[in-house]
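*Asks:* Here you go, sequence then predicted model.
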Amino acid sequence: MKGKLVLKWVGVCAASALGFAGNTSAQWSSTIKVSDAIEAPNSQFTGAVSAARCGSNIVVGFGDQEASSSNSFAGFAVSRNNGAGFSDRGVLPVSTDTSGGYTTDFLGKDLGFGGGAGGEYPAAKTPSVACANSSLFYYASVYTSWSNSSFPGACVTGPMCAAITVSISSDSGVTWGLPTLVAIASGDIHDLIFPSMAVDPSNPQRLYVAYVNVNDAPPFDYGFNCGGFDLYEMRLASSMDAGTSWADNVVDYACLDGNQPAEIDGEILTPSIAVGPDGKVYVAYEFLPGSGPGASNEIRYSRSLDQGKTFSAPMIVSTDAINNAMPKLAVDRTTSAFRGAIYLTWSGKPRGTTTEVLMSDSLDQGASFSFPRSVRATSQGTQINPVVAVDNDGQVANCYYVTGTNTPTSTSNYFYNCLTSFNHAATWTGYQKLVTSAPAGYDSLTSDFLLRNDGFFTAFEVPTTGQRHVVGSKSDLN
């Protein structure tokens, strides 16, 4: 499964000649309270912010814990007025024998990639929220069951089962049903992590969840020979009936084994999924190489032209990604000449010293991508956790955390910044610091999935009086 580097300059020159009318700087609002204080006694609940908007309704998901529900850690807040105000509604309901969303490590396991879910890669437990219409919202999360009673017969090895589930709300996120099963495996040797969810705009009955299945102890049950070492599978679960049933396919795989070919010797992390206006499915993710000489972190990409049944060979979009590059995808669904344009952002080191938010775009439905370019180049500093979205008139927004040092520590101060492009990511304006003092956190950016309203809403983590909260800001929302 040899990756290939397919890059060409697309979009930049053409886009720079096509601005939008009224392309003055977008203005982001002052911060809006999204969540109450997040009860997180340790780091196991970090790495969790996701937002989805349909019409005037916005749902934000985040890691949380409530005294009234000790085994659910999937918090959520709801706005029904275009993000002007939110109600923190606690955590998703789960059955009593489960640990739903943001589960802790078990039996000393570290998820197979250094540090465990609360360690080197806390985003393993990030939720993913999506919507199909102004009433119907979905919430994908990591899930653990301690008996077969939750999903009878689904995890025959029991008693601990690792799963990806989707919870469904039919009242704009106010109340939720019990989780439905997307994928499940024996929890003693598997970790199912990094869920990323999308709804097909051309047919909202089609749902997709990308995730990583780590098979970190024998038996290795998917047929790939990893020589007894950890197996990472980037998988795509597809539902054609609004989440009632799911099929599952492998997009890419890797083995943390130095005897493997370079293109599969490593780890696969943090998938991001998006669906184009014509139903094409796009997935981007990070590949961290093993111990081979000269190996570089990669941003990989694959697409499906048949509703997730098959995927193209992995394409290497970048070889300068940092650890935890957190790639994110967005697609233009307007009726303009840029309909179907794909935007991919992540954090990398193009200069070898500074860490910058990078952007690459595709104007041929993912057949090729432009050479990566900095969203806002810096001579010194660290820009991390970028998020991207496209609104109903083709504007592109990008938000991220930034600090002024090349070697940040756990006590470094970060700003949270947002920029807007009125010419399809060719140039960026409207640079705003939404928060000027915060530790690095996780974030999300959304536009109206229904394309009825313009503008963006971002949700991100900040501390307040010694506690952690999720706050938000909106730009041009109406």
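*Replies:* Received the coordinates, thanks. Since the model is a prediction, treat every value here as computed from it, not as a measurement.
*Asks:* just the strands in the stretch 101-250 of the chain please.
*Replies:* 128-131, 137-145, 161-169, 180-186, 190-199, 207-215, 231-239, 247-255 (DSSP state E, counting those that start in this stretch).
*Asks:* for the stretch 351-478 of the chain, same thing?
*Replies:* 356-362, 373-374, 382-390, 396-403, 414-421, 429-438, 443-446, 456-464, 467-475.
*Asks:* just to revisit the earlier point, now render the strands of the stretch 101-250 of the chain as a markdown table, adding mean neighbour count, mean pLDDT and distance to residue 88.
*Replies:* To be clear about C-beta, it is placed using only N, CA and C from the backbone, and glycine gets the same treatment. Output for those, formatted as a markdown table (neighbours: other CB atoms under 10 Å; pLDDT from 0 to 100; distance: least, CB to CB, whole Å):
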| stretch | mean neighbour count | mean pLDDT | distance to residue 88 |
| --- | --- | --- | --- |
| strand 128-131 | 27 | 97 | 15 |
| strand 137-145 | 28 | 89 | 15 |
| strand 161-169 | 25 | 91 | 15 |
| strand 180-186 | 20 | 89 | 24 |
| strand 190-199 | 26 | 93 | 21 |
| strand 207-215 | 26 | 95 | 25 |
| strand 231-239 | 24 | 95 | 29 |
| strand 247-255 | 20 | 93 | 34 |
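*Asks:* Between the ones you listed, which one is closest to residue 275.
*Replies:* strand 190-199 (4.8 Å; CB to CB).
*Asks:* what's the angle between the closest one and strand 231-239?
*Replies:* Strand 190-199 runs at 40 degrees relative to strand 231-239, counting by axes from the mean of the first three to the mean of the last three CA atoms, to 10 degrees.
*Asks:* Could you number the chain from 740 rather than 1 from now on?
*Replies:* Done: numbering now begins at 740, and the last item shifts to strand 929-938.
*Asks:* ok so, going back, can you tell me which of the strands of the stretch 840-989 of the chain is nearest to residue 1138?
*Replies:* Of the strands of the stretch 840-989 of the chain, nearest to residue 1138 by CB to CB is strand 867-870, at 16.6 Å.
*Asks:* Relative to residue 1146, which of the strands of the stretch 840-989 of the chain is closest?
*Replies:* strand 929-938 (26.7 Å).
*Asks:* got the contact list for the residue lying closest to residue 978 once chain neighbours are set aside?
*Replies:* Spatially, and ignoring its direct neighbours in sequence, residue 978 is nearest to residue 946 (4.4 Å; CB to CB, 6 or more residues apart in numbering). By CB atoms under 8 Å, 6 or more residues apart in numbering, the residues touching residue 946 are 869, 877, 905, 936, 937, 938, 939, 977, 978, 981, 982.
*Asks:* which among these gets closest to residue 1101?
*Replies:* So of those, ranked by how close each gets to residue 1101 (CB to CB), first place is residue 937, at 16.7 Å.
*Asks:* Now do the contacts for that closest one.
*Replies:* By CB under 8 Å, 6+ apart, the neighbours of residue 937 are 869, 946, 947, 1012, 1013, 1014, 1020.
*Asks:* Recalculate using a threshold of 7 Å.
*Replies:* 869, 947, 1012, 1013, 1014 (CB atoms under 7 Å, 6 or more residues apart in numbering).
*Asks:* For residue 871, see how far away it is.
*Replies:* 11 Å (CB to CB, to the nearest Å).
*Asks:* before we move on, what about residue 1036?
*Replies:* Separation of residue 1036 from residue 871 (CB to CB): 35 Å.
*Asks:* can you check residue 931 too?
*Replies:* Distance, residue 931 to residue 871, by CB to CB: 24 Å.
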